[in-house]
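>>> test case, fold it:
(one chain, ligands or ions: 1)
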Amino acid sequence: MATTEQRHEQHRSTAGPARTLKVDNPATGAQIAELPSLDRKGTLELVDRARAAQPEWDALGFRGRGALLRDMRRWLVQNRKRVIRTLSDENGKPYEDAQLEIFYCADALGFWAKKAPKWLADEHERPHSPLLLGRKVVNRYLPYGVVGVIGPWNYPLINNFGDAIPALMAGNSVVLKPASLTPLSSMLMQEGLRAVGVPDDVFLVANGPGGTVGSALVDAVDMLHFTGSTEVGKRLAEQAARRLLPVTLELGGKDPMIVLRDANLERAANAAVWGALQNGGQTCISIERVYVESEAYEPFVAKVVEKVGRLRQGAPGAAGKVDIGAVTSPEQADLVEEHLRDAVERGATIEVGGKRRAGTGLFFEPTVLTGVDHSMKIMREETFGPTLPIMRVDSEEEAVRLANDSDMGLDASVFAKDPAHAEHVARRLQSGAAVVNDALANYFAMEIPIGGMKESGVGARHGRIGIQKYAKRQNLVVTRFALNRELYYFPYSKGATKLTEWLIVALFGRGSRRR
Ligand code: NAP
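Below is the predicted model of the structure:
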């Protein structure tokens, strides 16, 4: 079994000139794969191959690409057991958390195949300007060419392949760089796409250290979608700015949940426990802090503590075996420990959990804290682990103020008896998504965009913008019936200028008609 320090060392070894990538199962510590690791030159070659393959892929049209992606959906469903096992092995997540990744990606393959022809169709508008009378005015969408997708380890399918799907449907080829800790499920997606007939170089997986492979992608692709930490996202944005590369960034979160006094506390507690601890709390939109109105505080805490105490943690395996799996990244386990130490030193109480589990694998007990406040890291910085800090507040106003007291703004939950009241509160939150009487559900609303406010990101996935961002736009104006010259062409003359003057006054000279 690899110790935390050994796993650190091994991960670091991929950041130098090493040419292989070792993959561990965090639940057992056993090495499960060793893959070739690309250097900069190899990454650039991959981008060249993807670029050469793109025109043929684009030429298939929405119909041809959609048919292949629907075949990929069938492949994914037929191979789901193998993919689930791979996800559990490389990430340490339970069967059900892996199954959710299959659900999302299978759904997304059909969703984007269906929506792309509509959301990327030419948009015809009737021009309003008298200067464009009779013209055809069209907004066109064209694929960028090669899209780079760089993904994190917490959702090796959803936040990696999942973001490649709309890019592919838009007619781009994709080079995906998965996190070094979890490259295997992306390799399976490459295998699946080839098996259903997608040309080999249309989707390529670039394995290797972020600083080398990810950085080379930023220098070579035509558009970049990044999901990961705010720290790395900022660095990539700076690098991308040097060549004006279009980027979208899906970054960290510190998502609040507000429980108002009249909420259904049984549902709120169930949602808090699942929303904070599913996938071991390693979800960008995990509930990371809870604010409960005084009147509901004690019963809510009692319910949460009781429910968390009953959770089963252990190495993933068959369906229904465990609720919480392993911590995927050793660095993350250290961070969770640091946040807990800091909170306890500043007066917090650990109600349940609170430590690493001894023995095989990397496990951190699901942990509930009370007596927390905003002087503590656990209430202000992303923890990204199985922790649930709960804070008592005196009023709805205080809950909103504290929820907004953050550099991040990804998702948020509000619980109240009256959904309209909860919605009113949700609309006051500074987060790119908010959900009423539920947790994390925003991610399944693929029809509308989801992305971060503040330091949680730039741009969005899902909705029209979730596929239009993978396309260049062309503004096309077609003049069909015309005189030899326009009013505003050379030579400038007194007569034409006077006429334009008259038009300005006649068309725009009036104020509001209300008075
Ligand atoms: P990370 O350390 O930022 O890494 C993300 C990806 O970037 C990995 O593939 C990594 O490669 C690569 N990378 C690292 N340094 C790079 C560089 N200098 N140039 C180019 N690429 C580089 O994040 P993580 O620890 O994997 O993921 C956890 C974070 O992701 C959390 O903050 C979480 O909130 C966030 N997240 C956000 C969303 C969202 O939708 N907003 C979704 C999921 C996760 P290596 O693995 O080789 O280092």
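>>> okay, CA-based contacts and neighbour counts for the rest of this
Will do.
>>> show the backbone phi and psi for the single nearest residue of the stretch 1-150 of the chain relative to the ligand.
Scanning the stretch 1-150 of the chain for the residue nearest the ligand gives Ile150, at 5.2 Å (criterion: CA to the nearest ligand atom). For Ile150, the backbone dihedrals are phi -110, psi 130 (criterion: degrees, to the nearest 10).
>>> so how far is Ala302 from it?
Relative to Ala302, Ile150 is positioned 41 Å away (criterion: CA to CA, to the nearest Å).
>>> so where do the strands sit in the stretch 351-500 of the chain?
Taking DSSP state E, counting those that start in this stretch as the criterion, the stretch 351-500 of the chain carries its strands at 367-370, 387-393, 408-409, 413-415, 435-436, 453-454, 457-458, 471-478.
>>> of these, which is nearest the ligand?
Each of the strands of the stretch 351-500 of the chain was checked against the ligand via CA to the nearest ligand atom, and the shortest separation belongs to strand 457-458, namely 6.6 Å.
>>> pull up the pairing partners for that closest one, direction included.
Strand 457-458 has the following sheet partners, assigned by DSSP bridges: strand 247-250 (antiparallel).
>>> right, and the helix or strand after the strand it pairs with?
Where DSSP states H and E defines the elements, the next helix or strand beyond strand 247-250 is strand 255-259.
>>> briefly note if that following strand comes near the ligand.
No - counting by CA under 6 Å from any ligand atom, the ligand is not contacted by strand 255-259; separation bottoms out at 10.0 Å.
>>> which residues are contacting the longest helix belonging to the chain?
With DSSP state H setting the assignment, residue counts place helix 95-119 as the longest helix in the chain. By CA atoms under 8 Å, 6 or more residues apart in numbering, the residues outside helix 95-119 that reach it are 62, 65-67, 69-70, 72-74, 76-77, 80, 83-85, 87-88, 155, 157-158, 161-162, 165-166, 169-170, 278-279, 316-321, 444, 464, 467-468.
>>> quick revisit: how many residues are close by the residue of the stretch 1-150 of the chain closest to the ligand?
28 (other CA atoms under 10 Å).
>>> begin at 261 from here
Right, with 261 as the first residue, what we last looked at is Ile410.
>>> quick one, what contacts it?
For Ile410, counting by CA under 8 Å, 6+ apart, the contacting residues are Asn420, Leu436, Lys437, Pro438, Ala439, Gly474, Leu484, His485, Phe486, Thr487, Gly488.
>>> can I assume the last one is in contact with Thr508?
No - with contact defined as CA atoms under 8 Å, Gly488 and Thr508 do not form a contacting pair (11.2 Å).
>>> name the residues of the protein found near the ligand, please.
410-413, 419, 437-441, 468-471, 474-475, 487-489, 492, 496, 510-513, 544.
>>> looking at the residues you listed, which are in helices?
Among those, the residues falling in helices (DSSP H) are Ser475, Val492, Leu496.
>>> how close does the first one sit to Leu298?
In this structure, Ser475 and Leu298 are separated by 12 Å, where distance is defined by CA to CA.
>>> ok, those two, which is more surrounded?
Set side by side, Ser475 and Leu298 give different neighbour counts by other CA under 10 Å, the larger being at Leu298 (22 against 18).
>>> tell me the phi and psi of the closest residue to that one other than its chain neighbours?
With sequence-adjacent residues excluded and distances taken as CA to CA, 6 or more residues apart in numbering, Leu298 is closest to Gly468, at 5.2 Å. Gly468 has phi and psi values of phi 150, psi 170 when expressed as degrees, to the nearest 10.
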